[in-house]
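1. Sequence first, then the predicted structure, then my questions.
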2 protein chains.
Amino acid sequence: MTHISNAISEAVIEALKKEVFIPVEASGRHVHLNAVDAAILFGEGYEFTKIKELSQPGQYACKERVSIVGPKGTLNNVIVLGPLRKDTQIEVSSTDALVLGINAPLRQSGEIVDTPGVTIRNGEKKVNVKQGLIVAKRHVHMTPEDAVKFNVKDGESVKVKVSGERPVIFEETVVRVHKNFRTFMHIDYDEANCCGYNKESFGIILK
Amino acid sequence: MTHISNAISEAVIEALKKEVFIPVEASGRHVHLNAVDAAILFGEGYEFTKIKELSQPGQYACKERVSIVGPKGTLNNVIVLGPLRKDTQIEVSSTDALVLGINAPLRQSGEIVDTPGVTIRNGEKKVNVKQGLIVAKRHVHMTPEDAVKFNVKDGESVKVKVSGERPVIFEETVVRVHKNFRTFMHIDYDEANCCGYNKESFGIILK
């Protein structure tokens, strides 16, 4: 009987998890390139090699890596994400920004007006981008169905508790709702290290 | 009149701050040495040079710096804190532990049984310590008077909201009460970067 009741408990917990828990992903430093910068760094008409689909539909990790060069230091082996975007954007953690020696502002992805530039290098090729270096604000991508379920709206700021070895509640976490999204919370590596994130970590919206 | 009422508001806010806010300090990576390891690294009977008193009475930063050497990488210019302790202890962030290539466990200061060792180097001199590498658990040092005021006990685990550019609530924060303490919350640099810590950041105990 214990065996059966354990199995039932586990099934209930798994079902509940799917209902109320939000999967959490930690994003490492990465670069989105626009067509112009991609051509400078990799050559005109270069085709990037997709190596992994990301959680958000249409987004993928490329085989190609670049270096990000600041006045104080360099971050090597930084992954390029595809597809190409309208604007080049370089997302780093606050720790990374200290290494570079650039005061990178906390911004939502895409909000790059008045952000600092940086040098992106691929071997001997390099481009000095005028703006686009940010620390990405933590956020939750969400399907419209899940937004109804969790009773949140696009653009709403919520508290999310993330489990881990040293759990934290992240305040001011922006929810972004779109039919092309899949529901995932994205934090950076400072935030991941801060909560003792692991692959089993999950978020709960506290509002 | 606006001028006067503003001045009154500010005075009230300042007074309230002192009542309910806990000052927060971010601790960088550092080393506490025991007498044996200090003698190996700096010579028998070496006198360390105090350069700064820390917030906790009797604790101070030394002029002396060491390197921490792991299988994957080295952390240079790591500060030595005084006075000497019974056990050598090396406190790093999770980010630092990744650089070293050592899985440093999350521990309260002093709890170093079954923690990994590491090499500490001062120029040509070095010592391979058998244990003592930890990621320090966030904690609040507190006077007995403040423990009464905040209604907490020594060893109690509380939630603390820390202000900053991206505020977080740190769960499982241990309160340590002692008559020789001054009331300060200590977080590491992963936690500091995670909440957008600055010198004005303060904590509020939510329990």
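-> On my side now, so go ahead. Residues are numbered from 1 along each chain as shown, chains lettered A, B, ... in the order given.

2. what's the burial count for the residue nearest to residue A:42 when sequence neighbours are not counted?
-> Excluding its sequence neighbours, the residue lying closest to residue A:42 (C-beta to C-beta, 6 or more residues apart in numbering or on different chains) is residue A:122, at 6.3 Å. Where you see a C-beta, it was placed from the backbone N, CA and C, and this is true even at glycine. Per other C-beta atoms under 10 Å in any protein chain shown, the neighbour tally for residue A:122 reads 17.

3. cool, and residue A:168?
-> Residues within reach of residue A:168, counting by other C-beta under 10 Å, total 28.

4. re earlier: may I have the beta-bridge partners of the residue nearest to residue A:42?
-> Under DSSP bridges, the beta-bridge partners of residue A:122 are residue A:125.

5. show me what contacts it?
-> Listed by C-beta atoms under 8 Å, 6 or more residues apart in numbering or on different chains, the contact set of residue A:122 reads A:41-42, A:64, A:66-67.

6. do residue A:187 as well
-> Contacts of residue A:187 (C-beta under 8 Å, 6+ apart): A:24-27, A:138, A:162, A:170, A:195, A:197.

7. ok, now with 6 Å
-> The contact partners of residue A:187, taken as C-beta atoms under 6 Å, 6 or more residues apart in numbering or on different chains, are A:26, A:138.

8. Could you tell me which residues of chain A lie near chain B?
-> A:94-95, A:106, A:165-172, A:190-191, A:193-194 (C-beta under 6 Å from any C-beta of the partner chain).

9. burial of the closest residue to residue A:118 other than its chain neighbours, as a residue count?
-> Nearest residue to residue A:118 in three dimensions, chain neighbours excluded: residue A:133, at 4.7 Å (C-beta to C-beta, 6+ apart). Close neighbours of residue A:133, defined as other C-beta under 10 Å, add up to 27.

10. hang on, residue A:133 packs against residue A:120?
-> No. Counting by C-beta atoms under 6 Å, residue A:133 stays clear of residue A:120, with 9.9 Å between them.

11. Just give the closest residue to the spatially most central residue of chain A, not the sequence neighbours.
-> By C-alpha atoms, centre = their mean, chain A has its centre lying nearest to residue A:27, at 4.0 Å. Spatial nearest neighbour of residue A:27, excluding adjacent residues (C-beta to C-beta, 6+ apart): residue A:186 at 5.3 Å.

12. Quick check: which element contains the one you found?
-> Using DSSP states H and E, the element containing residue A:186 is strand A:184-188.

13. just to revisit the earlier point, against chain B, how distant is the residue nearest to residue A:42?
-> 24 Å (C-beta to the nearest C-beta, to the nearest Å).

14. Which helix in chain A has the most residues?
-> helix A:2-20 (DSSP state H).

15. Could you look up the next helix or strand downstream of it?
-> strand A:22-27.

16. Okay, buried residues for that following strand please.
-> For strand A:22-27, a neighbour-count test (16 or more other C-beta atoms under 10 Å in any protein chain shown) marks A:22-27 as buried.
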